[in-house]
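J.: Below: sequence and its predicted model.
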Amino acid sequence: MGSNAADVSFHEKPAHDVTLSNYSIGMYQVTQKEWKDVMNWLPYEIKVFGDDLPVTYVSWNWIVGTMGDSTKINGITYFSNGFIYQLNEKTGKSFRLPTEAEWEYAARGGHRASIPNKTYSGSDNADAVAWTAENSAIGGVRQVHEVGKKAANELGIFDMSGNVWEWCSDWYAPYTALAKTNPHVISEGWERIRRGSSWGDTAPYARVSYRATGHPDVDRNYYIGFRLAL
């Protein structure tokens, strides 16, 4: 996890060993249709509509919830006014947000990854796997794209580089060089981790080690979405 390359940000350093327990992660980013099927509404700011477009304008707090009945999954409390709680009520499952470590392992291709890992999720060529500022324009206007239209990575997962940033469950914390098992920053912090980059960012931000953050309540815009874990 992470990178020691000379051209990466200090947030990505140092590289360190991580061991994870078994988990599952979504092949696709959560779509507008999936959000609407669960919540019965879409964020009013959305301007480009499509069942298979990633849902955007969703804050971390909208996904996890902030009030009402609650349940704790993997150390995170999910409230009944949030998407995941309501999804789990409908399905009887225990969907959740991935941890940052789970996200990066999946983005790197997991046990099927090449050695060394690819720069982006499934390729060293960003254009093959990612919608970025360089290739996302339609009619001269950069925009979000339907999920699953670029090549998948080694695990058959789509869009882990580019298209929309994805919320993870962790608070931001600097890396250390120590080996870790199931790392998960659940103690209080200021900003939550988001990963993967977006259609509006240049390709270097889409590398699998790049880390970004956002305020769980305030950050809600046209280039942030999410993916589910189980």
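T.: Yep, it's here.
J.: can we go C-alpha only for contacts and neighbour counts from here?
T.: OK.
J.: Around residue 66, how many other residues sit close by?
T.: Using other Cα atoms under 10 Å, residue 66 has 17 neighbouring residues.
J.: list the contacts for it?
T.: Residue 66 makes contact with 78-82 under the criterion Cα atoms under 8 Å, 6 or more residues apart in numbering.
J.: and the residue most central in space within the chain, what are its phi and psi?
T.: Closest residue to the average C-alpha location of the chain: residue 166 at 2.5 Å, with Cα atoms, centre = their mean. Note on residue 166: backbone dihedrals following degrees, to the nearest 10 are phi -120, psi 130.
J.: so it touches residue 194, yeah?
T.: Yes: using Cα atoms under 8 Å, residue 166 is in contact with residue 194, at 5.1 Å.
J.: for the chain, what spans make up the helices?
T.: Assigned by DSSP state H, the chain shows helices spanning 32-39, 60-64, 83-91, 100-107, 126-129.
J.: Thought residue 171 was touching residue 190, still the case?
T.: Yes: contact criterion Cα under 8 Å: residue 190 and residue 171 qualify, at 7.1 Å.
J.: So which of these two has more stuff around it?
T.: Comparing residue 190 with residue 171 by other Cα under 10 Å, the one with more neighbours is residue 171, at 22 against 11.
J.: who's the residue nearest to the more buried one when sequence neighbours are not counted bridged to?
T.: Closest residue to residue 171 in three dimensions, ignoring its sequence neighbours and counting by Cα to Cα, 6 or more residues apart in numbering: residue 192, at 4.3 Å. For residue 192, the beta-bridge partners are residue 171, residue 214 (DSSP bridges).
J.: Pull the number of nearby residues for residue 192.
T.: Residue 192, neighbours per other Cα under 10 Å, totals 24.
J.: Number the residues from 4 up from this point.
T.: From this message on, residue numbering opens at 4, which makes the last subject residue 195.
J.: That one is in contact with residue 218, isn't it?
T.: Yes: counting by Cα under 8 Å, residue 195 does reach residue 218; the two are 6.1 Å apart.
J.: Can you pull the residues that touch both of those two?
T.: By the contact definition Cα under 8 Å, 6+ apart, residue 195 and residue 218 are jointly contacted by residue 63.
J.: I'd assumed residue 114 was in contact with residue 156.
T.: No: if you go by Cα under 8 Å, residue 156 and residue 114 don't touch, sitting 11.7 Å apart.
J.: Looking at the two, which is more packed in?
T.: residue 156 (25 against 10).
J.: how far away is the more buried one from residue 102?
T.: For residue 156, the distance to residue 102 (Cα to Cα, to the nearest Å) stands at 19 Å.
J.: Ok, residue 183 next?
T.: Per Cα to Cα, residue 183 is found 13 Å from residue 102.
J.: Tell me which of the two has more neighbours.
T.: Comparing residue 183 with residue 102 by neighbour count (other Cα under 10 Å), the higher total belongs to residue 102, at 21 against 15.
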